[in-house]
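*Asks:* next comes the sequence, and after it the predicted model I'd like to discuss.
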Amino acid sequence: MKGLLQRVSSAQVAVDGKVVSKISRGLLVLLGISGTDTEQDLEYICRKVLNIRLFDHNGKPWRLSVMDTKLEMLVVSQFTLYAKLKGNKPDFHSAMTGEYSQPMYNTFLDLARRTYDPSKIKGGVFGANMTVSLDNDGPVTIEISSDGIQHRPKKKPRILPSKAEKESRENKESGDSETRTGTANSKLIRNSLSAALLWEVIKLSDSK
């Protein structure tokens, strides 16, 4: 997953000439979703976008995040971030198809709204031909990517054994214990017999 972040003094999205979403000072995020992205990629990018320090504080740059400054954020789906050139023609097969990327995009917005002030998170219109207007402040444009993060394997759910399985396992362990005890006793008996036989042989040798 990729996020192209632009620090803006204002930004808006229009569809068919009608403004559908706009923000004042804050971040414009163009969000690219690849065909291999998972929930972990989504959580990583969302966390980075909300916490990256692109705003000044007391005259010092790169000190505060969009949440620190209580500014707004406009997130627009942008599959063309995963374009690959074939000659001079862009190819978008690395991007996730709309059937799956739309729920992922909506989940990103939901997560951002749960993490931050929901009234400050705005979105575009997924799949629409949008006109995105912005006033880049700086200019500041930064790309972040989840391509290098380590994906943690999902833990298998722990399934507790049923009562019958417990009894079966206990019976098996009990049988194994009896078998081990019997084997140990047999070895002890054999060792005792061997020692007695050896003693008799020694006595016969001494008598001769």
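*Replies:* Done, it's in. Numbering: from 1, shown residues only.
*Asks:* OK, contacts around residue 129?
*Replies:* By C-beta atoms under 8 Å, 6 or more residues apart in numbering, the residues touching residue 129 are residue 15. Any C-beta I mention is one placed from the backbone N, CA and C, and that applies to glycine too.
*Asks:* residue 124 versus the residue nearest the centre of the chain, what's the distance?
*Replies:* By C-alpha atoms, centre = their mean, the chain has its centre lying nearest to residue 40, at 1.8 Å. According to C-beta to C-beta, to the nearest Å, residue 40 stands 24 Å off from residue 124.
*Asks:* then residue 90?
*Replies:* 20 Å.
*Asks:* now do the buried residues in the helix or strand residue 104 falls within.
*Replies:* Assigned by DSSP states H and E, residue 104 belongs to helix 98-115. Of all the residues in helix 98-115, those buried under the rule 16 or more other C-beta atoms under 10 Å are 101, 104-105, 108-109, 111-112, 115.
*Asks:* and the contacts of the one helix or strand residue 42 maps to?
*Replies:* Applying DSSP H and E as the criterion places residue 42 in helix 39-51. Applying C-beta under 8 Å, 6+ apart, the external contacts of helix 39-51 come out as 1-3, 5, 27, 29, 31, 34, 65-67, 73, 104, 107-108, 111-112, 115-116, 144, 146, 149, 151-152.
*Asks:* repeat that with 6 Å
*Replies:* 1, 3, 29, 65, 67, 108, 111-112, 115-116, 144, 146, 149, 151 (C-beta atoms under 6 Å, 6 or more residues apart in numbering).
*Asks:* what do you get for stretch 88-102?
*Replies:* Identification of contacts with stretch 88-102 by C-beta under 6 Å, 6+ apart yields 33-35, 79, 82-84, 126-127.
*Asks:* would you put the C-alpha positions of that stretch in CSV?
*Replies:* Below are the C-alpha coordinates for stretch 88-102, written out as CSV (Å, rounded to 0.1, in the frame of the first residue of the first chain):
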residue,chain,number,x,y,z
ASN,A,88,5.1,4.2,-23.0
LYS,A,89,1.8,2.7,-21.8
PRO,A,90,1.0,2.4,-18.1
ASP,A,91,-0.1,-1.0,-16.8
PHE,A,92,-2.1,-1.2,-13.6
HIS,A,93,-2.2,-5.0,-12.9
SER,A,94,-0.3,-4.5,-9.6
ALA,A,95,-3.2,-2.5,-8.2
MET,A,96,-6.0,-4.2,-6.4
THR,A,97,-9.2,-4.5,-8.4
GLY,A,98,-12.1,-2.3,-7.5
GLU,A,99,-14.2,-5.2,-6.1
TYR,A,100,-11.7,-5.6,-3.3
SER,A,101,-10.1,-2.2,-3.0
GLN,A,102,-13.3,-0.3,-2.3
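*Asks:* that concludes my questions; thank you for your assistance.
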